[in-house]
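Trainee: Need the 3D shape of this:
(one chain, ligands or ions: 3)
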Amino acid sequence: MWSLAVASPHPAAAFAAARPRRGPRPAAAPSHRGVNPQRWRCEKTQAWSFWSSLWASDLPGGLYGDVSKNMLKPAAAVSVEQAEASAHLPKGDMWSVHKFGGTCMGTSQRIQNVADIILRDPSERKLVVVSAMSKVTDMMYNLVNKAQSRDDSYITALDEVFEKHMAAAKDLLGGEDLARFLSQLHADVSNLKAMLRAICIAGHATESFSDFVVGHGEIWSAQLLSFAIKKSGTPCSWMDTREVLVVNPTGSNQVDPDYLESEKRLEKWFARQPAETIIATGFIASTPENIPTTLKRDGSDFSAAIIGSLVKAGQVTIWTDVDGVFSADPRKVSEAVILSTLSYQEAWEMSYFGANVLHPRTIIPVMKYNIPIVIRNMFNISAPGTMICQQPANESGDLEACVKAFATIDKLSLVNVEGTGMAGVPGTASAIFGAVKDVGANVIMISQASSEHSVCFAVPEKEVAAVSAALHVRFREALSAGRLSKVEVIHNCSILAAVGLKMASTPGVSATLFDALAKANINVRAIAQGCSEYNITVVLKQEDCVRALRAAHSRFFLSKTTLAVGIIGPGLIGRTLLNQLKDQAAVLKENMNIDLRVMGITGSRTMVLSDTGIDLAHWKEQLQTEAEPANLDKFVDHLSENQLFPNRVLVDCTADTSVASHYYDWLKKGIHVITPNKKANSGPLDKYLKLRTLQRASYTHYFYEATVGAGLPIISTLRGLLETGDKILRIEGIFSGTLSYIFNNFEGTRAFSDVVSEAKEAGYTEPDPRDDLSGTDVARKVIILARESGLKLELSDIPVRSLVPEALRSCSTADEYMQKLPSFDQDWARESKDAEAAGEVLRYVGVVDLVNKEGQVELRRYKKDHPFAQLSGSDNIIAFTTSRYKEQPLIVRGPGAGAEVTAGGVFSDILRLASYLGAPS
Ligand SMILES: NC(=O)c1ccc[n+]([C@@H]2O[C@H](COP(=O)([O-])OP(=O)(O)OC[C@H]3O[C@@H](n4cnc5c(N)ncnc54)[C@H](O)[C@@H]3O)[C@@H](O)[C@H]2O)c1
Ligand SMILES: N[C@@H](CCO)C(=O)O
Ligand code: NA
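Mentor: Residues are numbered from 1 along each chain as shown. Ligands and ions are numbered 1, 2, ... in the order given. Next up, the predicted model:
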């Protein structure tokens with residue numbers, strides 16, 4: 001009588017229609033990208049929930065455990081009518097099966113809430129499987145244990161059980177129902193007392209005795225709930241599933257349901273009690289010989305699944321205290337989302353990886369009839385939950401549908417058995433795994449490349465010593481004969497698994513996964529991807545695991561590209577950059593999906609560090625009040641040890657050579673470097689070449705646009721020309737904002753020293769203005785461009801005319817130099833007048849001559865109609881003469897110094913980095 005067809009259209013289709021847009025990036029316009037949790041939740045709320053008016057607790061929790069409350073804010077309420085109209089539930093005369101665990105049945109109030117949920121389910125036929133009230137199963141086992149160990153306190157312990165149920169009944173029920181329940185409870189408890197006395201005398205309880213005692217928890221909770229439902233006038237029966245469910249114990253704490261026999265008994269039960277709302281006991285069953293037994297711990301889900309399959313239910317809803325299955329452990333990935341659907345196989349994979357979804361055996365009975373299982377939060381009824389079902393045929397093909405979730409397993413070791421003697425020798429694998437089996441170790445993943453020269457596999461860390469010893473014994477001869485070269489153990493490993501249907505057969509999934517890992521500078525030790533299509537597993541160093549998880553998750557789920565930023569040198573440029581970051585952060589987050597967090601700021605004396613991001617409105621105060629002594633090593637460690645941010649960048653805003661000397665090590669550690677500091681690129685050639693070689697060979701980025709022409713696109717223009725095959729002949733220009741400003745404003749009538757002070761005030765000069773006036777700063781820029789174009793020059797190879805008088809070169813400070821500068825004003829007035837008389841202007845220029853492979857930096861005179869004579873302010877002008885731009889050079893012109901434009905150039909390098917890391921472009 002309950003052999004009914006499965007709902008059509010497929011339930012998952014409606015569910016999937018409300019799926020969030022997620023998937024790999026650069027595709028659609030920004031407005032379509034990204035998961036807006038609020039929007040996502042609301043869409044599904046409307047598509048699904050109809051219980052919104054019921055009480056929703058703020059109980060935190062996820063299938064991975066505790067989740068901070070604000071991660072699981074209750075969704076916006078939808079009216080009951082609105083929600084009911086679109087409610088997606090089995091219709092017609094199909095059975096709707098529900099299961100409520102112990103927590104859901106924890107108190108009389110919760111039992112009443114369960115009753116309300118059931119009463120609101122519009123299905124005509126409802127079968128509700130319940131666990132014992134929370135803690136009762138443990139209390140019952142405890143009774144048996146006490147009695148077995150002849151501890152008399154089982155009597156008071158039984159009284160506690162009695163009191164607990166009596167109190168709940170008194171809260172929930174009244175009149176005749178209460179009297180009936182209490183009299184049954186009394187009878188049961190006195191029976192139990194007698195039984196426990198017998199156990200106490202024997203000092204032993206058989207398993208079936210113990211199962212019989214413990215099963216009372218379910219019987220009482222089922223009775224309580226059925227009375228609570230009846231109270232509202234709805235007919236309701238309760239079912240002792242020991243009369244119906246027949247299972248065969250299979251040892252190893254498992255049972256196999258006997259579906260045929262159970263179906264027969266269920267039909268008989270229905271013939272006796274044709275009810276439309278039934279409350280059934282979870283967890284308990286009988287053997288074919290009618291001996292009480294249980295489905296073992298956590299067996300109520302299994303009960304619901306078996307019963308669901310017996311009645312060919314339209315749906316089985318497992319009510320719990322979490323919103324559904326997350327795309328990753330939300331304690332590690334705060335952007336993890338609740339999955340709307342999972343296939344049965346995906347749910348298996350997730351449960352293997354500790355996502356505590358459902359025991360795989362729970363899925364098997366319903367899978368046979370394509371019955372969907374929905375996991376829902378009884379304490380957040382507006383959350384739509386996760387539907388586990390057969391995936392609809394149309395849901396595949398693109399990456400977003402492929403990878404559903406990520407999971408990790410820590411505390412593993414890799415064992416690598418290597419040698420030339422394995423290739424083509426049948427039985428090696430069998431011998432290896434035979435030895436592993438003999439020590440009782442569990443193999444978690446296996447990988448063997450087709451060259452057959454090495455087999456590697458992962459085992460729990462705690463089992464690896466025994467495995468390694470067993471392999472050494474087993475292969476002693478092969479090792480000493482050299483047929484095997486080593487049995488090696490790699491400790492402290494973790495597994496990261498990407499789980500998803502059709503994943504392995506969709507091009508691009510593994511590429512995207514590995515690309516995300518590479519960009520976060522994470523090394524992959526081993527890889528396994530079976531043909532099962534549900535799982536790609538990579539083994540990594542345990543210390544990288546959370547970063548790897550976050551990098552992969554953000555790549556597939558379009559969560560924000562997070563970038564942890566460390567700022568070194570909050571001087572003029574550094575603090576201007578911090579201001580720009582502060583002003584733009586919200587826009588970047590909203591429009592570009594980029595989450596920039598400044599995790600540390602260090603000056604030369606003090607530094608501030610943060611684990612989650614410094615409040616950029618108050619960093620200055622913090623640097624004064626909450627600072628610690630500056631320590632660059634500690635600063636860098638702080639940034640690189642934060643597991644929550646897979647991508648890290650150090651922004652060097654100093655002019656310091658010693659800071660620049662660390663870039664190589666930082667890049668090696670996988671920390672990106674961005675800087676306006678010219679010291680590294682204009683320092684010793686060998687170090688420069690080493691740095692650039694590393695940069696090219698790794699996935700770590702080193703950007704320095706602001707080193708030449710500040711925010712002007714000089715480096716990028718040069719790169720564009722070179723990369724597209726143009727040949728650079730000559731780069732000539734005014735490269736110093738300071739000297740440009742000085743000569744643009746210095747006419748015979750003004751004192752040279754006044755104009756220099758003005759340039760310093762305006763923020764154009766280097767920290768020590770002599771770096772500008774000596775020509776060193778220009779020479780550095782010439783060197784940077786020369787090296788970028790392929791010349792191998794040292795700074796000392798460039799002849800430079802210094803504008804710092806001999807006598808002032810030895811001044812110990814910039815201030816002393818500035819003070820003494822006026823005494824040379826007359827010399828400058830003379831030089832300017834001479835030029836003026838010839839109808840010319842003075843300009844300080846730099847030249848990279850690619851034809852002669854040399855550079856020059858000098859003060860030249862130009863006719864007043866020359867483009868170099870037309871500049872104003874701190875303008876730089878740079879002319880690229882190339883094979884393509886031969887008649888007329890390509891010219892870039894604009895302000896080439898100053899705080900805002902320089903910081904802007906650094907900022908744009910940061911955004912370039914973010915887009916390399918996967919942010920939308
Ligand atoms: N000012 C410009 O227009 C401009 C243009 C392009 C490039 N730049 C470059 O930008 C960089 C910064 O210039 P600025 O004008 O902001 O200089 P600044 O002197 O105002 O700032 C430098 C800051 O770095 C700090 N610092 C120095 N050594 C340090 C160390 N070892 N550790 C931590 N902090 C240290 C200093 O205390 C200071 O706060 C320089 O490399 C400069 O060449 C400046
Ligand atoms: N002091 C530099 C800043 C830009 O590098 C200049 O004047 O050009
Ligand atoms: Na630039």
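Trainee: what's around the nearest residue to S698 once chain neighbours are set aside, how many residues?
Mentor: Setting aside the residues directly before and after it, S698 is nearest to L667 in space (CB to CB, 6 or more residues apart in numbering), at 6.5 Å. To be clear about C-beta, it is placed using only N, CA and C from the backbone, and glycine gets the same treatment. Neighbourhood size, L667 [other CB atoms under 10 Å]: 22.
Trainee: Is L667 within a helix or a strand, and which one?
Mentor: helix 663-668 (DSSP states H and E).
Trainee: Could I get the average pLDDT for that helix?
Mentor: Averaging pLDDT along helix 663-668 gives 95.
Trainee: tell me what that helix is packed against?
Mentor: strand 672-674, helix 685-697 (3 or more CB pairs under 8 Å, 6 or more residues apart in numbering; DSSP states H and E).
Trainee: Which positions in this protein make contact with ligand 1?
Mentor: Contact residues (CB under 6 Å from any ligand atom) of the chain with ligand 1: 568-574, 602-604, 653-656, 658-659, 676-678, 706, 710, 737, 763-764, 766-767, 897-898, 902.
Trainee: Buried by neighbour count, from the residues you listed: which ones?
Mentor: With burial judged by 16 or more other CB atoms under 10 Å, the buried subset of the residues of the chain next to ligand 1 is 568-570, 572-574, 602-603, 653-656, 659, 676-678, 706, 710, 737, 763-764, 766, 897-898, 902.
Trainee: for stretch 217-237, the distance to its chain's centre please.
Mentor: Remark: stretch 217-237 is offset 44 Å from the chain centroid, using CA atoms, centre = their mean, to the nearest Å.
Trainee: Same list (the helices and strands packed on helix 663-668) but as CSV, adding mean neighbour count and mean pLDDT.
Mentor: Shown next, in CSV, are the helices and strands packed on helix 663-668 (neighbours: other CB atoms under 10 Å; pLDDT from 0 to 100):
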stretch, mean neighbour count, mean pLDDT
strand 672-674, 26, 97
helix 685-697, 14, 93
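Trainee: Dump those into JSON lines; add distance to R547 as well.
Mentor: Formatted as JSON lines, those follow (distance: least, CB to CB, whole Å):
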{"stretch": "strand 672-674", "distance to R547": "14"}
{"stretch": "helix 685-697", "distance to R547": "21"}
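Trainee: which element is T408 on?
Mentor: strand 405-418.
Trainee: Only the buried residues of that strand, if you could.
Mentor: Neighbour-count burial for strand 405-418, counted by 16+ other CB under 10 Å, picks out A405, F406, A407, T408, I409, L412, S413, L414, V415, N416, V417.
Trainee: what's the answer for stretch 623-633, then?
Mentor: For stretch 623-633, by 16+ other CB under 10 Å, it's L623, A627, A630, L632.
Trainee: Over to the residue of the chain found nearest ligand 1: give its phi and psi.
Mentor: Nearest residue of the chain to ligand 1, counting by CB to the nearest ligand atom: G571, 1.7 Å away. With angles defined as degrees, to the nearest 10, G571 sits at phi -80, psi -140.
Trainee: How about M166?
Mentor: Torsion angles, degrees, to the nearest 10, at M166: phi -60, psi -40.
Trainee: What of M387?
Mentor: phi -100, psi 130.
Trainee: neighbours around it, how many?
Mentor: 25.
Trainee: and the buried residues of strand 405-418 near ligand 3, which?
Mentor: Applying CB under 5 Å from the ion, the subset of the buried residues of strand 405-418 adjacent to ligand 3 is empty.
Trainee: Ligand 3: which of the residues you listed is nearest?
Mentor: Among those, F406 lies closest to ligand 3 (CB to the ion), at 39.2 Å.
Trainee: Tell me the residues on this structure that lie near ligand 2, please.
Mentor: Residues of the chain lying near ligand 2 (CB under 6 Å from any ligand atom): A710, S736, G737, T738, Y764, T765, E766, D772, D777, G896, A897.
Trainee: 5 Å - rerun?
Mentor: Neighbours of ligand 2 within the chain, by CB under 5 Å from any ligand atom: S736, G737, T738, Y764, E766, D772, A897.
Trainee: Is the fourth one in contact with A897, as I believe?
Mentor: Same thing as Y764. Yes. Applying CB atoms under 8 Å, one finds Y764 in contact with A897, separated by 3.9 Å.
Trainee: tell me which element whichever residue of the stretch 501-650 of the chain sits closest to ligand 3 falls in.
Mentor: Per CB to the ion, I573 is where the stretch 501-650 of the chain lies closest to ligand 3, at 12.7 Å. In the assignment (DSSP H and E), I573 maps to helix 572-587.
Trainee: Show the subsequent helix or strand relative to that helix.
Mentor: Taking DSSP H and E, what comes next after helix 572-587 is strand 594-602.
Trainee: mean confidence for the next helix or strand after that following strand?
Mentor: Using DSSP H and E, the helix or strand that follows strand 594-602 in sequence is strand 606-609. Throughout strand 606-609, pLDDT has a mean value of 96.
Trainee: Just the terminal-to-terminal distance for stretch 225-245.
Mentor: 20 Å (CA to CA, to the nearest Å).
Trainee: now it: mean pLDDT?
Mentor: Stretch 225-245 comes out at a mean pLDDT of 96.
Trainee: Could you pick out the longest helix of the chain?
Mentor: helix 175-202 (DSSP state H).
Trainee: continuing past it, what's the next helix or strand?
Mentor: Assigned by DSSP H and E, the successor of helix 175-202 is helix 207-214.
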